[in-house]
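Colleague: coords below, sequence missing:
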């Protein structure tokens, strides 16, 4: 039976122009269940689900400053280190990430510009390869329409505007299916977060890219299962959550939904 002793310290400030939430955590697992690769021939892997004692240590957080009612800046980041007792690194653990985001709005127009750096992941398990780092630049412009008292948001969003080759270290097929190239999409929906541009539950959307892409969506923001699916086991978590760019952070590594799009 898998058991864990957990320690997590969180510091939050929720009032005033500057707010933040910073967490540090340590999870000591007994008989942690994960997918271990025993052998690999080209793209075929021999995987054994096994148990071992393991430790997860990390930090994540964000600091936001509101310069005016309509303009704010956020710095965010996350890092996790995962090891098997006496056997080195756990597989498919994401690299550290550090970024910044600007959010602004004027009347019914809003937008954001987001940049983050995903660092190289060189702490690898057997049959894994190192994953190079990359820079990600995203931008969103949205307009809120008013219909019968309810807000409807139309938006255009660009992702990976630097057109970087971005490999997701948490994926078994990272080399065959990298993250999408530079892509533009537009759509409309009801804003799930009125203070954030492009955060709409979609009614309709269109994409400006014909390239094949793999979408990875975080399905849980719970703490304990944050690395469960990364090591090959589906989390039992039922809560849903995702980061602003759809990329899982250290606090969002629960059950993952992976979808191939063309």
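Modeller: Happy to help now that I have it. Only a predicted model underlies this, so the values are computations on that prediction, with no experimental measurement involved. Residues are numbered from 1 along each chain as shown.

Colleague: list the buried residues for stretch 92-110?
Modeller: 92-97, 99-101, 103-105, 110 (16 or more other CB atoms under 10 Å). C-beta coordinates here come from the backbone N, C-alpha and C atoms, glycine included.

Colleague: of the residues you listed, closest to residue 78?
Modeller: Nearest to residue 78 out of those is residue 97 (CB to CB; 5.5 Å).

Colleague: residue 121 is in contact with that closest one, correct?
Modeller: No. Counting by CB atoms under 8 Å, residue 97 does not reach residue 121; the two are 10.6 Å apart.

Colleague: quick check, nearest of the buried residues of stretch 92-110 to residue 82?
Modeller: Closest to residue 82, out of all of the buried residues of stretch 92-110 and judged by CB to CB, is residue 93, at 4.7 Å.

Colleague: separation between that closest one and residue 84?
Modeller: According to CB to CB, to the nearest Å, residue 93 stands 11 Å off from residue 84.

Colleague: next: residue 101.
Modeller: According to CB to CB, residue 101 stands 35 Å off from residue 84.

Colleague: mind checking pLDDT for the nearest residue to residue 20 once chain neighbours are set aside?
Modeller: Excluding the flanking residues, the one nearest residue 20 by CB to CB, 6 or more residues apart in numbering is residue 63, at 4.2 Å. As predicted, residue 63 sits at a pLDDT of 98.

Colleague: list the beta-bridge partners for residue 63.
Modeller: residue 20, residue 75 (DSSP bridges).

Colleague: hang on, it packs against residue 75?
Modeller: Yes. Using CB under 8 Å, residue 63 is in contact with residue 75, at 5.1 Å.

Colleague: now for residue 59: which residues touch it?
Modeller: Contact partners of residue 59, counting by CB atoms under 8 Å, 6 or more residues apart in numbering, are 22-25, 78-79, 250.

Colleague: go again with 10 Å.
Modeller: Contacts for residue 59 (CB atoms under 10 Å, 6 or more residues apart in numbering) come out as 9, 22-25, 77-81, 96, 250.

Colleague: also residue 82?
Modeller: 27, 29, 32, 34, 54-58, 89-94, 123, 125, 226-227, 230-231.

Colleague: strands of the stretch 51-200 of the chain, start to end?
Modeller: Under the criterion DSSP state E, counting those that start in this stretch, the stretch 51-200 of the chain contains strands at 71-84, 88-89, 97-106, 109-118, 134-147, 150-159, 183-191, 200-207.

Colleague: in CSV: the ones you listed, plus distance to residue 3 and mean pLDDT.
Modeller: Below are the strands of the stretch 51-200 of the chain laid out as CSV (distance: least, CB to CB, whole Å; pLDDT from 0 to 100):
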stretch, distance to residue 3, mean pLDDT
strand 71-84, 16, 96
strand 88-89, 22, 92
strand 97-106, 29, 96
strand 109-118, 32, 96
strand 134-147, 37, 89
strand 150-159, 40, 87
strand 183-191, 42, 84
strand 200-207, 38, 49
